[in-house]
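> Output the structure for:
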Amino acid sequence: MRTFDGIDSLAAALGEHLGYSDWFEITQERVQLFADATGDHQWIHLDTERAAAGPFGGTVAHGYLTLSLLPMLGREVYEFRGFAMGVNYGLNKVRFPSAVRVGARVRLGAQLVSVAPVALGVHAVIAYTIEIGDETKPGCVAEAVVLLVPAKESA
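Reported below is the predicted structural model:
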């Protein structure tokens, strides 16, 4: 796991690949829970019989479910210390090149692509790729912006 203990250590890692998470299995139960939480009950996610005859040969995770794994899997790749807080500032770009079938294992790769000063601290842009088991195309590629506020020095 990569640890950043302040702005200087973050800036020093600019352009580096930060590593990979462990593999994580996408279960039908998780897909169902996500559907219930978001109200997105489309058949391709939940109806196993209909989806088996569909374009992906089975049920698939919601794209936004795949995207929502970034924080959880990212915690296995890096951590921020020496900051008062870090918050999600937004996304620059998100794509879902390949469907993530239920039962697939995914993992996250992360690369630090920019660090820019802002009024409260820095914006760090991290390029994420969610790889799918034996697939050649990823399930998700996204650039996430994190606002990191430095910890105040104690006197």
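
> Just list whatever residues bridge to residue 110.
residue 19, residue 128 (DSSP bridges).

> Can you get me a residue count around residue 141?
17 (other CB atoms under 10 Å). (Glycine included, C-beta is placed from N, CA and C.)

> Return the residues in contact with it.
93, 94, 95, 97, 127, 128, 129, 130 (CB atoms under 8 Å, 6 or more residues apart in numbering).

> Quick check: residue 125 touching residue 148?
No - applying CB atoms under 8 Å as the test, residue 125 and residue 148 come out as separate, 11.3 Å apart.

> out of those two, which sits in the busier spot?
Neighbour comparison, residue 125 and residue 148: the larger count goes to residue 148, with 23 against 19 (by other CB under 10 Å).

> list the contacts for the more buried one?
When contacts are taken as CB under 8 Å, 6+ apart, residue 148 is in contact with 7, 10, 80, 83, 85, 86, 121, 122, 123, 124.

> Just give me the closest of those residues to residue 46.
Using CB to CB, residue 86 is the member of these that lies nearest residue 46, at 34.3 Å.

> and that closest one, how many neighbours?
16.

> which residues does it bridge with?
Here residue 86, judged by DSSP bridges, has bridge partners residue 148.

> Pretty sure it sits against residue 145.
No - using CB under 8 Å, residue 86 is not in contact with residue 145; the gap is 10.9 Å.

> the helices in the chain, which residues?
Ranges of helices in the chain, per DSSP state H, are 7-12, 28-38, 43-46, 48-52, 63-68, 70-74.

> Identify, out of those, the most deeply packed stretch.
helix 63-68 (a mean of 18; mean count of other CB atoms under 10 Å).

> if we look at that one, which residues are touching it?
Counting by CB under 8 Å, 6+ apart, 26, 30-31, 34, 38, 40, 94, 96, 100, 106, 130, 139-140, 142 sit against helix 63-68.
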